[in-house]
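Asker: Need the 3D shape of this:
(2 chains)
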Amino acid sequence: MENPRPLWDNPLQFVFACISYAVGLGNVWRFPYLCQMYGGGGFLIPYLIMLIVEGMPLLYLELAVGQHMRQGSIGAWKIISPYLSGVGIASVVVSFFLSMYYNVINAWAFWYLFHSFQDPLPWASCPLNSNHTDYDEECAKTSSTQYFWYRKTLNISPSIEEYGSIQWEQAVCLILAWLVVYLCILRGTESTGKVVYVTASLPYFVLIIYLIRGLTLHGAVNGLIYMFTPKIEQLANPKTWINAATQIFFSLGLGFGSLIAFASYNEPNNNCERHAMIVSLINSSTSIFASIVTFSIYGFKATFNYENCLSKVILLLTNVFDLEEGALTADNLDSMKDYLTSTYPNQYAELLPQIKNCSLEAELDTAVQGTGLAFIVYSEAIKNMEVSQLYSVLYFVMLLMLGIGSMLGNTAAILTPLTDSKFLSTHLPKEVISGIVCFINCIVGLVFTMEAGNYWFDIFNDYAATLSLLLIVLVETIAVCYVYGLKRFEKDLLLMLGHKPNWYWKIMWAFVSPVLIISLVIFYLTDYIRTGTLQYQAWDATQVFILLITLDKFGFKAS
Amino acid sequence: MFIAVFFFVSDAQNAFKVRLSIKTALGDNAYAWDASEEYLFKAMVAFAMRRYSNKETTQISNVLLCNMTERVSFWFVVTDSAKNVTTVPGSEVEAAIRMNRNRINSAFLLTDNTLQFLKISSTLSPPIESSVPVWLIVFSVVLCLVVAGILFLVVSGIRQRKKESAETGDLEDKCDTPVTTENGIPCDILDLKAGQINGVYAADDERFTPL
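Answerer: Numbers count the residues shown, from 1 in each chain, chains lettered A, B, ... in the order given. Got it, this is the predicted structure:
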């Protein structure tokens, strides 16, 4: 007697699994950056339009395919057309690439989480140099949070060619991260279904706590005003629309096969149309919610740094000119500067290079995305809050939940086709298959724990999944609409849901989404071709800033 | 005082500039800097010199202050009355101050940052480091929990599979010895000679209408 296909215990588990997968780190560290770069509040317009035009239809398509074919990506596409099983295999390969490098982020989150139990936080102050007279040189030139990230966490080398050795601390955290993922996927939907309750809901609790804390921070309003003032002229910039489309696309995790895998464990009559709309709406609103939190944190950090800068200038002037304490304040600084310039012109001129022009706008303008935002900017803001250990623990637990939730989807995308295949499932139990996949990924992932690992991470992050996913989803849409046939698909949906899809969905699937994806592909290709030499940012420990290293087309350092 | 000024000009390397930030340190509880505070300062420096050299020769009158500003900052120098009114070398003064920095700071309710001796760099106190790094402890706890969870799930999965295969094994055993059945009842129970009363019809005697 064949084992029946495992199912989710209830539709809620399925919805939570999709939310847990779709709501990931990109919502927290990419969307706020895009919002800031492309018009603040005005960015919401192209974002919401793309959600309705591209996000919901494609999500519905993938869920319906998975739910109807009741197989992982390879099996599902084989059913659609035997010539198209390559699409499924492509999805599995891309998921494999993603899981190789994505779990390193969870390893970093674990590292920071474990260090959050120290009092004071290790990134709160610089370590001392060898003879204890002053702070460590590299740290003093930048900031303690950057030092902790680049030196203590990554121990980064100056360029990608200098591999360095594997950092045992990071390797050990990576192994732990893979063990946690294995624990969650070990029993298939039985275990995953329970875990997603936590990974989907916990981030929201933390975000609400941070929202309340963030809005009450001094200077948070500055960040919010800065973010939400719409710069409508950005709407005319084509990059705004392209970035909105790409963000929706990648944020939902289309094309990896995870959504197909999750939907294949559904009851056949599950209302995937409603679920698709719910999941995509929740995903986008989480992005907006997270960016409110991020911008209040930005505002706090920028105000803090600005006030720090001002007090440093005031202290410098007070000391050099031996003025009474408290004579210089932030308000009278400019008028006092003029007075001092006129009274002591020579001394002031000598002092001029040291006096920085403190500007709140300049602090707010530093737009950061990615690991820099998550690990440097946030930890800098956290160290200045009261009870910083508690906020730090909460924040990194949230990052972990987001990361592990996405990893569950990725591994499901790899494992579902493997466990579906008769050959493997008869010879090996599913625990062993999961174990082998996790083990291989872990071993390969050790590359990212080397000293040059972060550069490899950047390469994978930028190039592993972007163009391939666009092609995969393009072929998926064309396959379902034209190869399988829209009429046949309609009948399948009628069978599953009890009603035929609206004309809106049909138009989106058949015309709008393919056209949109083709234009995104063309944009990416022209972008690649036009940037002749590739560049990456490297950390120079001697001069301590991020420098841009150029590589020629084949990745060799340009001389 | 003219002598004192002369000393300052020629013995600049033996003079030290001091800067106090009383308002920054104490806020509303800040005291005003007046002649009495200067006297206390001279006393503290004299005390430091005495402690350092272990001789009780330095007097308060040996410590000379000048160039008082509003900041509050001033220069001071220590003279040696025994050796023909020369100034004590700067290195000795520096060492003396270093040795007794804590005492001097607490006399004024200030810290190294708010009572600055500009040429004397203070040694910064290193952060407290426990013998085992805290992160390793938390890491080991989490690791043990995760490994325990994995082992538990794997072992219970293996046990469940063994139970299932044992059950299917039992069913197979039953199928091996053929049991002849008649209408679902094993034949050896049935007494084929005597016949059986079919219970369905037995209860229906009342139904038949009497003749």
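
Asker: Which residues does stretch A:360-370 contact?
Answerer: If you take C-beta atoms under 8 Å, 6 or more residues apart in numbering or on different chains as the criterion, stretch A:360-370 is touched by A:29-30, A:32-34, A:36-37, A:222-223, A:226, A:298-299, A:301-303, A:305-306, A:376-377, A:461. Using the backbone N, CA and C atoms, a C-beta is placed for each residue, glycine as well.

Asker: Can you show me the CA trace of that stretch as CSV?
Answerer: Taking C-alpha atoms only, stretch A:360-370 is exported to CSV below (Å, rounded to 0.1, in the frame of the first residue of the first chain):
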residue,chain,number,x,y,z
LEU,A,360,21.4,65.9,9.9
GLU,A,361,20.6,65.5,6.2
ALA,A,362,24.0,64.0,5.5
GLU,A,363,23.5,61.5,8.3
LEU,A,364,20.0,60.6,7.0
ASP,A,365,21.2,60.4,3.4
THR,A,366,23.5,57.5,4.1
ALA,A,367,21.3,54.8,2.5
VAL,A,368,22.3,51.4,3.5
GLN,A,369,20.9,48.0,2.5
GLY,A,370,21.7,44.4,3.0
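
Asker: which parts of it are buried?
Answerer: A:360, A:363, A:364, A:368, A:369, A:370 (16 or more other C-beta atoms under 10 Å in any protein chain shown).

Asker: got a pLDDT number for residue A:543?
Answerer: Per-residue pLDDT puts residue A:543 at 58.

Asker: next one: the one 3 residues further on
Answerer: In this prediction, residue A:546 carries a pLDDT score of 61.

Asker: quick one on the thing from earlier: let's see which of the contacts of stretch A:360-370 end up in helices.
Answerer: A:29, A:32-34, A:36-37, A:222-223, A:226, A:298-299, A:301-303, A:305-306, A:461 (DSSP state H).

Asker: got the contact list for stretch A:8-25?
Answerer: Contacts to stretch A:8-25, defined as C-beta under 8 Å, 6+ apart, come from residues A:63, A:105, A:189, A:192-193, A:196-197, A:199-201, A:203, A:251-253, A:258-259, A:262-263, A:265-267, A:270-271, A:275, A:278-280, A:282-283, A:286, A:374, A:399, A:402-403, A:405-406, A:408-409.

Asker: tell me the mean pLDDT over it?
Answerer: Averaged across stretch A:8-25, the pLDDT comes to 92.

Asker: likewise stretch B:159-166?
Answerer: Averaging pLDDT along stretch B:159-166 gives 87.

Asker: same question, stretch A:441-461
Answerer: Confidence for stretch A:441-461, expressed as mean pLDDT, is 90.

Asker: which other residues reach that stretch?
Answerer: Residues from elsewhere that reach stretch A:441-461 (C-beta under 8 Å, 6+ apart): A:96-97, A:99-101, A:103-104, A:107, A:154-157, A:159-167, A:170-171, A:174-175, A:178, A:370-371, A:536-538.

Asker: Buried ones in that stretch, by neighbour count?
Answerer: Buried residues in stretch A:441-461, counted by 16+ other C-beta under 10 Å: A:441-442, A:445-458, A:460-461.

Asker: Please flag which of those residues sit within helices.
Answerer: Among those, DSSP H puts A:441, A:442, A:445, A:453, A:454, A:455, A:456, A:457, A:458, A:460, A:461 in helices.

Asker: re earlier: could you dump the buried residues of stretch A:360-370 to JSON lines with secondary structure and distance to residue B:96?
Answerer: Shown next, in JSON lines, are the buried residues of stretch A:360-370 (DSSP: H, G, I helix; E, B strand; the rest coil; distance: C-beta to C-beta, whole Å):
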{"residue": "A:360", "secondary structure": "helix", "distance to residue B:96": "46"}
{"residue": "A:363", "secondary structure": "helix", "distance to residue B:96": "44"}
{"residue": "A:364", "secondary structure": "helix", "distance to residue B:96": "49"}
{"residue": "A:368", "secondary structure": "coil", "distance to residue B:96": "49"}
{"residue": "A:369", "secondary structure": "coil", "distance to residue B:96": "55"}
{"residue": "A:370", "secondary structure": "coil", "distance to residue B:96": "54"}
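
Asker: Give me every residue in chain B lying close to chain A.
Answerer: Contact residues (C-beta under 8 Å from any C-beta of the partner chain) of chain B with chain A: B:19, B:21-24, B:69-73, B:121, B:123-124, B:126-127, B:134-136, B:138-139, B:142-143, B:146-147, B:149-150, B:153-154, B:157, B:161.

Asker: Give me the buried subset of those residues.
Answerer: B:19, B:21-24, B:71-73, B:134-135, B:138-139, B:142-143, B:146, B:149-150, B:153-154, B:157.

Asker: Check the gap between the nearest residue to residue A:521 once chain neighbours are set aside and chain B for me.
Answerer: Closest residue to residue A:521 apart from its sequence neighbours, by C-beta to C-beta, 6 or more residues apart in numbering or on different chains: residue A:470 at 5.0 Å. Noted for residue A:470: a distance of 36 Å to chain B, by C-beta to the nearest C-beta, to the nearest Å.

Asker: helices and strands around the host helix or strand of residue A:470, which ones?
Answerer: Assigned by DSSP states H and E, residue A:470 belongs to helix A:466-478. On a contact count with 3 or more C-beta pairs under 8 Å, 6 or more residues apart in numbering or on different chains; DSSP states H and E, helix A:466-478 meets helix A:56-69, helix A:85-115, helix A:238-251, helix A:513-530.

Asker: so what pLDDT did the nearest residue to residue A:222 once chain neighbours are set aside get?
Answerer: Of all residues not flanking residue A:222 in the chain, residue A:299 sits nearest, at 4.2 Å (C-beta to C-beta, 6+ apart). With respect to pLDDT, residue A:299 has a value of 89.

Asker: cool, the one 4 residues further on as well?
Answerer: Looking at residue A:303, its pLDDT is 90.

Asker: shouldn't it be in contact with residue A:219?
Answerer: Yes. Counting by C-beta atoms under 8 Å, residue A:219 is a contact partner of residue A:303 at 2.5 Å.

Asker: which residue packs closest to residue A:206, ignoring adjacent ones?
Answerer: Counting by C-beta to C-beta, 6+ apart, the residue nearest residue A:206 is residue A:398, at 3.9 Å.

Asker: Make sure the one you found is indeed in a helix.
Answerer: Yes. Residue A:398: assigned to a helix according to DSSP: H, G, I helix; E, B strand; the rest coil.

Asker: Distance of it relative to chain B?
Answerer: 16 Å.

Asker: For that residue, grab the count of nearby residues.
Answerer: Other residues within reach of residue A:398, judged by other C-beta atoms under 10 Å in any protein chain shown, total 21.

Asker: per-residue confidence for it?
Answerer: Residue A:398 is given a pLDDT of 93.

Asker: Over to residue A:422?
Answerer: Residue A:422 is assigned 82 on the pLDDT scale.
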